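Student: Attaching a predicted model along with its sequence, questions to come.
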Amino acid sequence: MSLPVRIATLAAALCAVVALGAFLVIHYLLGGPPVENFAAAGARQVSITLQEDPQNTVTSKPDWVSYFIKSPATGKWVHTTLFKVAAGATVHVTILGYDGCTPLRNPYWGKVTGTAGNLEYVNGKPVSQLNSWSGCNVGHTFSIPGIGLNVPMASPSLTASLCGASPCTSGPHTTMTFEFTAPRQTGSYFWQCRVPCGGGFLDGFGGPMQTIGFMTGSMEVVS
Amino acid sequence: MTSQAGAGAGTGAGRREPSHALRIFLPWLVVSVVADWLIWSVWGPHLPPGDMASAASNQQFDIKVMAVIAAPVTAFVLIYFGYALVVWRQRDGDETDGPALHGHARVQATWITVTTVIVLALFGFGTYELMTAQGAGAGEGPSPIWAPAGSAPLQVQVIGQQWRFTYRYPQFGGFESTQLMLPEGRWVEFHVTSLDVIHSFWAYQLGVKADANPGVDNTAFTRPTQLGQVTVRCAELCGLWHGAMADTGKVVTPAAFESWAKSTQARLASVTRMLPPYATTYDPTVVPAINKAMAKAGITGANGYFYPPQDPVQP
Amino acid sequence: MAIEMQPAQTREPGGGGPAAGGMPRPWWRRPAVHTGILGAVIGYLLGHLLGNFLGSSYQQLPLSDSSDLPIVLGYVAAVIGWLAGLGVFSDLLRQMAGRPAGEAGGHAEAGGVAQYFRYSLDHKVVGIQYLVAMLVYFCTAGLFAMAIRTELLSPVHHVFSSSAYIEIVGEHGTMMMMLMTSVILGPLGNYLVPLMIGSKRVAFPRIEALSFWLTPAAFGVLLSGLLLGGFPFGWTGYAPLSIESTYGADSYAIAFGLMGISMILAGFNLIVTIICYRAPGMRWSRLPMFAWSMLATAFLMVLAAPVLVGGMYMIITDRTAQTAFFTDSLGGSSYLYQNLFWFFGHPEVYILALPGFGIVSEIIPVFCRKPLFGYKTAAAGMLGVTLLSFFVWQHHLFDSGINPDMRPLFMLTTELISIPTGFIYLVAMGTFWKAKIRLSVPMLFALGMYFNFLIGGISGVFLSDVPADTTEHGSFFVMAHFHYTIMGGLIFALMAGIYYWLPKMMGIQLNQTLGKIHFWTMFIFFNATFLPLFAVGMAGQPRRVFEYARSLQTINDWVSVSAFLLGGSILIFVINFVWSTVIARVRAEGNPWQSRGLEWQVPSPPPPGNFARVPVVLSGPYEYGDPAAPPVADLAPPPGVLAGAIGDPAGAQPDSAGPAGALSPAGAPGAAGAEPDGPAPQSPAAGADPDPRAEA
């Protein structure tokens, strides 16, 4: 080959490689679910509403359990698990539990910790712990280990037929409310579920349990 | 040791040449002595992982001894290479070859003997350290080869689960907590196990690292000797949030520990009643009470697995 | 070693079937990379459909990618389709159908860039293919390393999400550890070993070519794991995490398994080549050190990689068929996987180290202008490392609680292996004694290797001591240790080898000024990157974390910046490589280093068939400074001399009856074509025992 041909081939190959790399990085490594911002204007009092569903029919993984967050801007349910709050803010959380029950691998996580009064309100009634090993009554947990928060979610009755299309708007569900204080130290605090609800995966801990946007995510604390 | 190697090779040197062996040996001797003195007395007391617990001190001592042995070896090789690069460079215009030296039986025999002696000494030292009353701090499985004599150690069970360690204190009614609290001056017997994948319990200042394997009771011993904080991290990749699986333990006075344990035991009594009885390992898939309820509801995953039967991906 | 038992049929070894007979088809109808890709796509779709069909009783929806079976079968079928599209099976099928295998192909149609994109049976083409591919893999995995260091710039602020970070860690580690096993054996071993031992070919050209073409498949499968969500378990793939993980784990297991098969094939070919295809007079005592290291590496590959393939197979069946090899509550054991993995994994570490020893031992006599000091010691060191490396694997499990009373034994074996490793230093230091050192670029890299591997090796002794290991295990200390041995040892040696042998392989001289800049930047920034990491690990930072203590930020930032500069140094190399080989193309002298190696006695690049006649080796390759030493080989021996050199007159008679006669001329590829007039027996039979007098 002549010199110009060699240089042109090289340049073309280089462009192709760079384009492929850029696509890979931007699309797969930097991509991810959106972050819902509850920290607008340094809000000190924040209300966050989530729901946990037995499936996620808005994605290509329809059999994966999933959380949804109600967007503070549009009021629509968004398939994400990332949210942002202001440091030191008081966070009121409402979680609609549409998913059925699974026993915790470690019943210790049936205890409510880290919330105001170490209590949560299930359908309005205060609860300090749920025993998932004596009666199947825990659907998921909402846990932020970095601030010691752990709240078990009560599930609808064992025999109820669950909602089948997410985000759920009807069907049997429980409503949990609790309140905690966001930490003063800014940074990223991950949250997860401790119920092994990744059906189809060994120990129920693969799939949605280890995929951001489904059963785990993070709380960004900003100043 | 290495002086012999150098001297042996030196016998092949020409008469008018300076004694290369000596010119390598003397700087090496000086560097080695100085480096070893620095390591032993200046750097040694500050080497990780510190001396907050018996196992940590033991590891610090081992690292110190290894460094004292390693420094002369490293220095010899580097000084030799440095000397060679300075002295035995090709001179300008010199296109001739070096001497046709194919080997030197005495040098080779000396080298092999010296390295073998060093290695066997290290082996003997390491084995002795493993067997003595210091304890290695490493996970020793369900039947440890060494356990502290004398008064009963404090038993602490470390339960690894994605992505948090929890701690059970069987001598206090088996309560479970996310807080690692230890008394100063008392032997601690960790029982490390896992509920899902492999984790590794690394209490840095305590000098303890023990893998948490599902279904395995992995014991490790240490004796905290100072008050302070203990960094606990997971040292085995365990999934998405492995990097954030960390917490902070505390070493407190025996009295403070006693009162903390008693009050926590009382405070968590209702939670403790939910837990399975204390055991060295757990199989969280076997929950007799719940199996009955599930079967009644028509969910009959075999062997306590709580997924519908049409989902065969679950073993 | 009996390749072909029909002496009457004369043909090239390389099938290259498609061009057989008649007019050559247009390029796009001849098997090459593009038909391979087509085959892979078709294969994946078929396999995926089959998997969905088999798994249709699953709750998961078909075609949702939400089950392991279609993914695994898709990958397997894609690999088969890729190989079929490349024409790997063409000759096989043709012969099964009773038709003669393809005539052309191999080096007969040498020339042009196109041959490098085809299933070529010429070991020199395969060597270049390996070289370019390995550099691509290395740079890809290196970019992932840059991403890791970007994330670690800050302990709290994150560039990547934790899942993207853990995917990047897994891709970097796995790509480096699985593909770099062949980084020297593939390019330099396949290319140079036949030249060094005086052979016209390798023993099994088809197996050799297959071993190469599996590596792009493994690379592609591994990288495609990102599309499936990656795998969150690093390169070790510890069960049960690897059983539990999402579908990216399938790409890990299949890619690593494929690479295991590639290693077995590559090693097998080189073992037989080195043992059976040595030229007359190439005694074991004259074998170049590089060939010794390749022999040792190949044995490690052949003996260790099957365990890996078995382990990966168990992961796949655990994930798809719900066998429970590694699930403790169903009778399996997570220790089983750790044992299987490290039984492969530790020999693998020496698969990565030995080729480096071979290259530096080959290079230093040339640039010291002295014979290699203690040739037998060096060879014994490599064989000792090979043997001992199978008895150290549980030192990776010192803290795991497995069998604590075995720890002294594994401490002993681990420390013992430093004795044969130390031989490499004895040999180097003896060779340097009163040498005339020429500091050319290959020599600089060889020196860098000795420096780095010294630190890597000494830190390894720290890790062998159980109490010390308790602090260091699973931390950045270990990570720095094996980067010093692998990157500092293997990759520095690879660079030395490339600068040293590229004039031989391509007939092109790499730019020496850029080479020196490359060396100094790489050496400085390599050490600036990894030396502090020993301290980081000792200070308590575990591996593979995205969050670390705030007090360690300064040192981590230093490391990150050094790592970027190290990446820049590799970029200098890539620029040098591309500039020198594609654009500038400065012809190299025939023997620019005045080496005595047999490979330097033929033109550069070597002609098809390597040697016009099978040479007779007359002396060892390192006889520098000995005016009485005979030349390294007689490249054009008259037929009678061969008979004398072999010491077996019967074996030199091509037409004599008996196995030797039947094997020699026909088994010698290209012998009939290149030497129509003179029966110069390649004689594998004689090669197996080239000099019976030496044994007597």
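Tutor: Sure thing, it's come through.
Student: Name the residues of chain A found near chain B, please.
Tutor: Counting by Cβ under 8 Å from any Cβ of the partner chain, chain A comes close to chain B at A:102-108, A:110-111, A:128-129, A:131-136, A:145-146, A:148, A:158-159, A:190, A:192, A:194, A:196, A:199-205, A:209-212, A:216. Where you see a C-beta, it was placed from the backbone N, CA and C, and this is true even at glycine.
Student: can you list the weak-confidence ranges in the chain?
Tutor: Going with chain A. Low-confidence segments of chain A, defined by pLDDT under 70: A:1, A:42, A:199.
Student: let's do chain B instead
Tutor: For chain B (pLDDT under 70), the answer is B:1-15, B:133-135, B:288-315.
Student: So for the chain, the centremost residue is which one?
Tutor: Looking at chain A here, since you left the chain open. By Cα atoms, centre = their mean, the mean C-alpha position of chain A lies nearest to A:Thr81, the distance being 3.5 Å.
Student: my bad, the chain I had in mind was chain C
Tutor: In chain C, the residue lying closest to the centroid (Cα atoms, centre = their mean) is C:Ser182, at 1.3 Å.
Student: is it true that that residue touches C:Ala266?
Tutor: Yes. Applying Cβ atoms under 8 Å as the test, C:Ser182 and C:Ala266 come out as touching, 6.1 Å apart.
Student: Give me the common contacts of these two.
Tutor: Contact criterion Cβ atoms under 8 Å, 6 or more residues apart in numbering or on different chains; residues bridging C:Ser182 and C:Ala266 by contacting each: C:Ser211.
Student: show me where the stretch 101-250 of chain B has strands.
Tutor: For the stretch 101-250 of chain B, applying DSSP state E, counting those that start in this stretch gives strands covering B:154-161, B:164-169, B:175-177, B:181-183, B:188-194, B:199-203, B:208-212, B:218-222, B:228-234, B:246-252.
Student: hmm, back to that, and the pLDDT for the residue nearest to the centre of chain C?
Tutor: For C:Ser182, the pLDDT comes out at 92.
Student: What about chain B, which residue is the most distant from its middle?
Tutor: B:Gly93 (54.8 Å).
Student: thinking again about what came up before, just put the strands of the stretch 101-250 of chain B in JSON lines and tack on distance to chain A and mean neighbour count.
Tutor: Formatted as JSON lines, the strands of the stretch 101-250 of chain B follow (distance: least, Cβ to the nearest Cβ, whole Å; neighbours: other Cβ atoms under 10 Å in any protein chain shown):
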{"stretch": "strand B:154-161", "distance to chain A": "6", "mean neighbour count": "23"}
{"stretch": "strand B:164-169", "distance to chain A": "5", "mean neighbour count": "22"}
{"stretch": "strand B:175-177", "distance to chain A": "5", "mean neighbour count": "21"}
{"stretch": "strand B:181-183", "distance to chain A": "15", "mean neighbour count": "21"}
{"stretch": "strand B:188-194", "distance to chain A": "10", "mean neighbour count": "25"}
{"stretch": "strand B:199-203", "distance to chain A": "13", "mean neighbour count": "29"}
{"stretch": "strand B:208-212", "distance to chain A": "13", "mean neighbour count": "31"}
{"stretch": "strand B:218-222", "distance to chain A": "18", "mean neighbour count": "27"}
{"stretch": "strand B:228-234", "distance to chain A": "12", "mean neighbour count": "20"}
{"stretch": "strand B:246-252", "distance to chain A": "8", "mean neighbour count": "18"}
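Student: so which of those strands gets nearest C:Ser464?
Tutor: Closest of the strands of the stretch 101-250 of chain B to C:Ser464 is strand B:208-212, at 15.6 Å (criterion: Cβ to Cβ).
Student: near chain C at all, the closest one?
Tutor: Yes. Judged by Cβ under 8 Å from any Cβ, strand B:208-212 comes into contact with chain C at B:Val208, B:Lys209, B:Ala210, B:Asp211.
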